[in-house]
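**Q** Dropping the sequence and predicted coords here.
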Amino acid sequence: MTSSDADHVGHFSLGRRRFLGFVLAAPTLVAAARVGAGEAEAEVPSNPQVADAYDLNDALTDAARPTANLITVQVNPDGSASFALPRTEVGQGITTAAAMLIAEEMDLPVEKVHVSLADARPELVFNQLTGGSNTLNAMYTPIRVAASIAKGRLLQAAAAELDDVSGTLTAREGLITSTTGAVLPYGDLAQKAAAREDSTVEAQLKPESEFRVVGKPQPRIDALASVTGKKKFTTDLNVPGAKPAMVCRPPTINGSPQAVHNTAEVLEMPGVTDVVPISTGVAVRAETFGQCIDAVNALDVDWGPGPVEGQSDDTVLEELKAATPPMAVPSVPGAKTLDAEFSFAFVNGSALDTNAAIADVRADGAEIWSSVKVPIAAQAEIAKSLGLPQNAVKVHVVDGGGSFGRKLFHDAAAEAAETSKKMGKPVKIMWHRVDDCRQGRVHPMSFSRIRANYGADGVISFEQHHASVRTDFSHGFGEAITNAVSRAPASGPVLSETIFELTQNSPYNFGPSKQLLTETHQSAAENQPRGTFNTSSVRNVYSPNVRCAQELVVDQLAEQLGKDPYEFRREHVKNDKFRTVLDKAAEVGEWGKSLPDGMAQGIAVHTEYKHVTACLVEIDCRPATVNRPIRNGVTGPRVTRGVFVTIPGQVVVNPLGMKAQIEGGFLDGMAQALTASVHLVNGSILEGSWDNFFYARQWNVPFDFEAVILPPDPNDQVSGGGEVGVAPSFAAVACAYARATGSVPTTFPINHNDPLAFDPKPFVPPLPPSPTNGLRYTY
Amino acid sequence: MPEHTFKLNGEQVTVDVQDDERVLWVLRDVLGVTGPKYGCGINVCKACTSHINGKAFNPCSVRVADVSEEDEITTIEGLPDTAGAELHPMQEAWLEYDVAQCGYCQPGQIMAAVAKVRQARAEGHSIREEDLDEIRNICRCGTYFRIREAIRAGEQNM
């Protein structure tokens, strides 16, 4: 290795990109790569719409580049490889994808790659954030570099061992074979290939054309653990002394405890060991969670009002409307104007695995276990609140049972740390489902106003003003973005506007186009922790609402101009990739087929996360379907068929995993169109559990769904799959509903303003009593 | 504290807990059997679905005092033994269709699926679309399509 070699990093050399990595001193072979190493600088074009070319993924990847820190692949004496992924697995399949990349470059069976989740590593700064569907985009090359170097070292060690200087040794399935028939398993070389000191090594990555593992459907590496009940989530962990704990919470959002009247009495209850007020409520600790529930409900607490007391769905909507500035484009003489308005309710962002954390806080240090997607932020903030140096707080990242944006924040971990400190004991805090529904983070309510001017020849201008209750980005995602964004064009003064710019664009050529975001609830007081509504970047952030509004208007424009919705889109989309996905969706979904009255198809396109997508759905809005009875459930229109087509970027690491994410994203979008919202009344959320919050259930699921992944675009970057399904599905379902019923919905979900389909659970005591009649419902 | 005894995954177990402790917490917090998950505590999310005497039930909503010495509780951990195999055919089907995403709801989904197939058989038919529509287990990741496919496949080998 000479210094001139280093100058070539990231440049093309003899048709192959060369990358630098490292071998690190360790008892067995450890190869490493810098995260972001060797990647070419992203082109930043000056384009009227930023997200066309430089999107959130670029911003996140660029934010990662200044950090000169390492990920490592270790070869073990049993021939397996270990890798601690500095990201958080919450169901999106990134551990499986990482294992595939390592297996590919090392020529090792996937089952011999062990992927764990790295503890908080503060030196990684921006490079330990799981969000924006960015993991594979940012990690694709570094993981391969480290794995490739590991294989190179194993080959070198084998050559020395076999005294074979022919250069013809081959590695396959964890074995190194010589032309004379000698075979050495990787395990035999793990120590021999180890380095005594760190050194820089050049990696030759396998050409993508030679991939055997990457790009093939690969079942999840944790599938067996999932189906046998062995996969461990936070509340399944057995940390000595960390007894169950829960928090008695206020009736209004972010209210605070003023006085507790019966602490001594509750301490006498079975199993209860501790009762202490904390900033979010009153924490109890007991032998079982069942005892915690009873203790929480027995507490007699005076509550102070929360910051949004007095606010309800209608008052917030008025505020959003008032915050939406007037349209800038005037009516054009001789042209017609189409004005439209849409409102989108708050949506519960809760995962099935409720917020949970284990904390063991001692005088000189603390240990935390939780599924957090920004562990460095959790570590820093918890250390600060405990008065400890950051490196005295260990944050172990645990597999999450879903996230959908919820786990960008470490709400439970902060609570567990505060509780453990006050009790002087380890605790395992779990939020009750009601806590998760009523005090957990939501997708903010928003309002969209659109004006399109059009003439006989087509659309002349398209303008959208979107107003939203603020999305809380204070988890540190903001730092990464704001740092990167100075390199992006048109960076705005406000972070959320920047993210909006980076993620939102129109897929259509509709003449002068303008999109604007305004956020309410942004005062200094509201920007404090617990200062207003609890929001987060719920899966796909702004796009579901913004794009649903646009696509409904596109359908109306098509109708005004006497065009078929599919043909109209074909004519106006910005490029051929959109036409390709539209055509494929129309073909697979049989666009235009004859359907009975009350049924219709809808179609929409979207681009984000390095995907270009189209979604086609078929919906049944006939009374017999809409009104079919389901106990404690909402039925409504049923999407009977869905087709989702994407052209991803560069390479799809695991098509089976990407399809899974598209399926889940589709159902998320469908639910947000039809049934899924929460109702805000006087500072409280009415929904308390899954019998109130109507997320997609089996009785809502289409009978037929197909995800089609077209060949990737080699000129685009690696796509993430976790969020892309949501927005186009939401839009397609809304468009289909409008066509089936002949009436364009303006409120989402469409049933939000119907009479409540449930009786709200009481707010005091905060938790519904645990039922005792379960044996009546056996089957 | 009162003593309670029941069969759990083929073994007689005895616990000292209050009568009104729900079975879910006896399993998870007292016995360390964590396959059944908490998702609501009020019998609506079905993440804790297990079997009592071969039928699906939700231990979050049953007092331990209402379970007798003869009652046999099977959790996901004990399911393979009921088929005398390393994995139950429904678990095999789950692997074949790569159903799980985060995996949190899946033990409950599998236990529900097995009970649903048994129920359909007892009624003299195989699994129909409307039987699948009756499954109430929440999957927030949205694996419902694959669940439907896997149940139909698992049914063939049960």
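**A** Alright, I've got the coordinates.

**Q** tell me which residues in the biggest helix by length in chain B are buried?
**A** When every helix of chain B is counted residue by residue (DSSP state H), the longest turns out to be helix B:106-122. Along helix B:106-122, these residues count as buried under the neighbour rule (16 or more other CB atoms under 10 Å in any protein chain shown): B:106-120. The way it works is simple: take the backbone N, C-alpha and C, and place the C-beta from them, glycine included.

**Q** Stretch A:171-178 now?
**A** Counting neighbours by 16+ other CB under 10 Å, the buried set in stretch A:171-178 is A:171, A:174, A:175, A:176, A:177, A:178.

**Q** so how far is it off the chain centroid?
**A** Distance, stretch centre to chain centre, for stretch A:171-178: 38 Å (CA atoms, centre = their mean, to the nearest Å).

**Q** which of the buried residues of helix B:106-122 come close to chain A?
**A** With the criterion set as CB under 8 Å from any CB of the partner chain, the members of these near chain A are B:106, B:107, B:110, B:115, B:116, B:119.

**Q** so the third one touches residue B:91, yeah?
**A** What it means is residue B:110. Yes: with contact defined as CB atoms under 8 Å, residue B:110 counts as touching residue B:91 (6.1 Å).

**Q** and for those two, which residues touch both?
**A** Common contact partners of residue B:110 and residue B:91 (CB atoms under 8 Å, 6 or more residues apart in numbering or on different chains): A:227, B:79.

**Q** Quick one: residues contacting the residue lying closest to residue A:378 once chain neighbours are set aside.
**A** Taking CB to CB, 6 or more residues apart in numbering or on different chains as the measure, residue A:378 lies nearest to residue A:410, with 3.7 Å between them; neighbours along the chain are not counted. If you count contacts by CB under 8 Å, 6+ apart, residue A:410 has them with A:357, A:370, A:372, A:374, A:375, A:377, A:378, A:381, A:382, A:475.

**Q** Please apply the same query to residue A:381.
**A** Listed by CB under 8 Å, 6+ apart, the contact partners of residue A:381 are A:410, A:414.

**Q** ok so it is a helix residue?
**A** Yes: Residue A:381 sits within a helix when classified using DSSP: H, G, I helix; E, B strand; the rest coil.

**Q** how near is it to residue A:337?
**A** 49 Å (CB to CB, to the nearest Å).

**Q** what about residue B:36, neighbour count?
**A** A total of 25 residues lie near residue B:36 under the criterion other CB atoms under 10 Å in any protein chain shown.

**Q** hmm, I was thinking of residue A:210
**A** By the criterion of other CB under 10 Å, residue A:210 has 8 neighbours.

**Q** now residue A:321
**A** Close neighbours of residue A:321, defined as other CB under 10 Å, add up to 13.

**Q** Which residue is the nearest non-sequential neighbour of it?
**A** For residue A:321, the spatially nearest residue (CB to CB, 6+ apart) is residue A:447, at 5.8 Å.

**Q** isn't the one you found right up against residue A:317?
**A** Yes: contact criterion CB under 8 Å: residue A:447 and residue A:317 qualify, at 6.4 Å.

**Q** Now the common contact residues for the two.
**A** Common neighbours of residue A:447 and residue A:317 (CB under 8 Å, 6+ apart) are residue A:343.

**Q** Pick out whichever of these two has more residues nearby.
**A** The residue with the greater number of neighbours, taking residue A:447 and residue A:317 and applying other CB under 10 Å, is residue A:447; the counts read 26 against 19.

**Q** partner residues bridging the residue nearest the centre of chain B?
**A** What sits nearest the mean C-alpha location of chain B, by CA atoms, centre = their mean, is residue B:50, with 2.6 Å. On the basis of DSSP bridges, residue B:50 is bridged to residue B:57.

**Q** I'd guessed it sits against residue B:60; true?
**A** No: shown here, residue B:50 and residue B:60 do not form a contact pair, counting by CB under 8 Å, at 10.1 Å.
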